[in-house]
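Colleague: Compute the structure for the input listed below.
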Amino acid sequence: MRYAVIIEKGNNSYGAYVPDLPGCVAVGETPEEVKTLIQEAIEFHLEGLQEDGEEIPKPNSSIEYVEAKISA
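Modeller: Down below sits the predicted model:
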């Protein structure tokens, strides 16, 4: 499955979360590290849901970028 992941830059690290999997988060020192960690977190999260007999949520979120025009 392919889930949308949001990555945000903080003051000293990067954070990532998955809108379709509440509670599935990761923090890393670099963008590359947080991408690796969130992938591992997703897999761990899904395995936990399976073990608990819960339904795995299908990916529903998508991402789009929108240009904002401002006047100077």
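
Colleague: And Glu8, its phi and psi?
Modeller: phi -120, psi 140 (degrees, to the nearest 10).

Colleague: how much space between it and Phe44?
Modeller: 21 Å (Cβ to Cβ, to the nearest Å). Every C-beta, even on glycine, is put in place using the N, C-alpha and C of the backbone.

Colleague: The protein: helices as residue ranges?
Modeller: Assigned by DSSP state H, the chain shows helices spanning 31-51.

Colleague: Under the pLDDT cut-off, which ranges of it? List them.
Modeller: Along the chain, the model assigns pLDDT under 70 to no residue.

Colleague: Show the contacting residues for Ile70.
Modeller: Shown in contact with Ile70 (Cβ atoms under 8 Å, 6 or more residues apart in numbering): no residues.

Colleague: Mind listing residues that contact stretch 38-57?
Modeller: 1, 3, 5, 7, 16-18, 20-21, 23-26.

Colleague: Neighbour count and distance to Ser62 for these - can I get that in CSV?
Modeller: Below are the contacts of stretch 38-57 laid out as CSV (neighbours: other Cβ atoms under 10 Å; distance: Cβ to Cβ, whole Å):
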residue, neighbour count, distance to Ser62
Met1, 9, 14
Tyr3, 19, 10
Val5, 21, 12
Ile7, 14, 15
Ala16, 23, 17
Tyr17, 18, 15
Val18, 21, 13
Asp20, 16, 10
Leu21, 21, 15
Gly23, 9, 20
Cys24, 20, 17
Val25, 16, 20
Ala26, 21, 20
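
Colleague: If we only consider these, which is nearest to Asn60?
Modeller: Asp20 (5.6 Å; Cβ to Cβ).

Colleague: circling back to that earlier point, in strands, which of the contacts of stretch 38-57 fall?
Modeller: Members of the contacts of stretch 38-57 lying in strands (criterion: DSSP state E): Ile7, Ala16, Tyr17, Val25, Ala26.

Colleague: residues near Thr30, how many?
Modeller: When neighbours are counted by other Cβ atoms under 10 Å, Thr30 registers 10.

Colleague: Just list the residues touching it, thanks.
Modeller: Contacts of Thr30 (Cβ under 8 Å, 6+ apart): Tyr14.
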